[in-house]
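# Fold the following for me, if possible:
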Amino acid sequence: MASDPRHPRLDRIVDPFAGVLLGADLPDLTLERRGEVVEFVRRRVETMPSLTRFGVTAIGVLYRLLLDVPFGSFAIRFLVARPLPILGEYPRLIRSLGYAYVWEHWPDSLPSGASR
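Residues are numbered from 1 along each chain as shown. Got it, this is the predicted structure:
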């Protein structure tokens, strides 16, 4: 998954969190399909207007850092499960882009991401 050369770090910010979140939400989605979905999500973030992309990236950095600290997964689950202004929008963005891609490209998918 190559990142847009104008935004070389987004693959290190968006991809890991999107992979974890979508992997938890769609556990039966194959790794190949999940990779395709994560790449789509990152490409959409790369094409956002600069100010919006800056905000999404800033929030994405926070979630990405939490993935690397001990017990960070607990903090992420806490943040994702609550309708927090601003911080809660990032997981919603990842989910909405990811789900739209899955059901647009594989409309026969089950809610777990498995193929029928």
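
# only C-alpha atoms for contact and neighbour calcs from this point on.
Fine.

# Which stretches in this structure count as strands?
Secondary structure of the chain (DSSP state E): no strands present.

# The lowest-mean-pLDDT helix or strand in it: how far from the chain's middle?
Lowest mean confidence among the helices and strands of the chain (mean pLDDT, DSSP states H and E): helix 72-80, at a mean of 84. Counting by Cα atoms, centre = their mean, to the nearest Å, helix 72-80 is centred 14 Å from the centre of its parent chain.

# and residue 116, how many residues sit next to it?
8 (other Cα atoms under 10 Å).

# What residues does the most centrally placed residue in the chain make contact with?
Note on the chain: the residue nearest the mean C-alpha position is residue 18, at 2.4 Å, using Cα atoms, centre = their mean. Contacts for residue 18 (Cα atoms under 8 Å, 6 or more residues apart in numbering) come out as 38, 41, 94.

# Neighbours of the last one, how many?
If you count neighbours by other Cα under 10 Å, residue 94 ends up with 23.

# Equivalent analysis for the first one, please.
Counted by other Cα under 10 Å, the residues lying close to residue 38 total 26.

# and it, how far is that from residue 70?
24 Å (Cα to Cα, to the nearest Å).

# just to revisit the earlier point, what lies in contact with the least confident helix or strand of the chain?
Counting by Cα under 8 Å, 6+ apart, residues outside helix 72-80 touching it are 63, 66, 67, 87, 88, 91.

# farthest pair in the residues you listed?
67 and 88 (15.9 Å; Cα to Cα).

# neighbour count winner among the two?
residue 67 (18 against 15).

# unless I'm mixing things up, the more buried one is touching residue 17, no?
Yes. Here residue 67 reaches residue 17: they are 7.5 Å apart, a contact under Cα atoms under 8 Å.

# quick revisit: how far away is the residue nearest to the centre of the chain from residue 34?
For residue 18, the distance to residue 34 (Cα to Cα) stands at 9 Å.

# same question, residue 63
19 Å.

# Enumerate every residue touching residue 30.
Contacts for residue 30 were tallied using Cα under 8 Å, 6+ apart; they are 113, 114.
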